[in-house]
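Novice: Structure of the sequence below:
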Amino acid sequence: MARPTNKDELLAAAEHEFAKLWKAIDLIEPTDREQSGACEDWSVKDLLAHLDAWHEMYLGWEKAGSAGEPAAMPASGYSWGETPALNLAIYERTKNDSWTNVNERVRVSHQKVLDVIKSYSNDDLFTKKRYGWTGTTSVASYTISASASHYAWASKLIRKWAKTRIGQETSVS
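Specialist: I've put the predicted structure just below:
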């Protein structure tokens, strides 16, 4: 999918890539979704917990920014250059969460992201430097990163892992 350039495309991309994510997840047996390997030591569940955490950070930035307050970006105590450490901290914080809990959280936070998109006009989403919290970019840029692009990244990893698992299963048979 091409990078969205308007509100309708952004909503469609977020919904499309989220649906693709679940199609990729369906390739993995439910009993295997908590096994490491989808992304190094991360399981499918860990990838979803990661997406949920980034949704929540994005929602926090948008809420603070909309209120005219400073937004801790990407998260309190972390710079953008420290995202690998932040991602590790997210993993450590969420690795023992249940599939059921993570599954519900990511679906709820995804819907909240969609609601934020719907709350903006096209111009307010896509105009660079419109809001102080977005710096030199736009709300849409952060939204795409926290939704459609992130979902596509996770889907690709899960599909790739699914292919290696199918290969293992057929070679064992």
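
Novice: Pull the contacting residues for the residue nearest the centre of the chain.
Specialist: Centroid-nearest residue in the chain, with C-alpha atoms, centre = their mean: Leu51, separated by 3.3 Å. Residues in contact with Leu51 (C-beta atoms under 8 Å, 6 or more residues apart in numbering) are 106, 109-110, 150-151, 154. Using the backbone N, CA and C atoms, a C-beta is placed for each residue, glycine as well.

Novice: For these, work out which two are farthest apart.
Specialist: Ser109 and Ala154 (13.7 Å; C-beta to C-beta).

Novice: The two: who's more crowded?
Specialist: Taking neighbours as other C-beta atoms under 10 Å, Ser109 and Ala154 compare with Ala154 leading, 25 against 20.

Novice: and the more buried one, what element?
Specialist: Ala154 is part of helix 148-172 when elements are defined by DSSP states H and E.

Novice: How far away from the center of its chain is that helix?
Specialist: 17 Å (C-alpha atoms, centre = their mean, to the nearest Å).

Novice: repeat for stretch 39-47
Specialist: That offset, for stretch 39-47, works out to 13 Å (C-alpha atoms, centre = their mean).

Novice: and it, average pLDDT?
Specialist: Averaged across stretch 39-47, pLDDT comes to 92.

Novice: in it, what counts as buried?
Specialist: Using 16 or more other C-beta atoms under 10 Å as the burial criterion, the residues of stretch 39-47 that qualify are 39, 42-47.

Novice: got it, and stretch 98-118?
Specialist: For stretch 98-118, the neighbour count (16+ other C-beta under 10 Å) marks 99, 102-103, 105-106, 109-110, 113-114, 116-117 as buried.

Novice: residue boundaries of the strands in the protein?
Specialist: Under the criterion DSSP state E, the chain carries no strands.

Novice: which stretches of it have low pLDDT?
Specialist: Residues of the chain meeting the criterion pLDDT under 70: 1, 166-173.

Novice: 50 instead, please
Specialist: For the chain, residues meeting the criterion pLDDT under 50 lie at 169-173.

Novice: What are the boundaries of the helices in it?
Specialist: Under the criterion DSSP state H, the chain contains helices at 7-26, 44-66, 83-94, 99-119, 122-126, 139-146, 148-172.

Novice: residues making contact with the longest one?
Specialist: Contacts of helix 148-172 with the rest of the structure, by C-beta under 8 Å, 6+ apart, involve 1, 4, 10, 13-14, 16-18, 20-21, 23-25, 27-28, 32, 37-39, 44, 47-48, 50-51, 54.

Novice: repeat that for 6 Å
Specialist: Residues outside helix 148-172 that contact it (C-beta atoms under 6 Å, 6 or more residues apart in numbering): 13-14, 17-18, 20-21, 24, 27-28, 37-39, 44, 47, 51.
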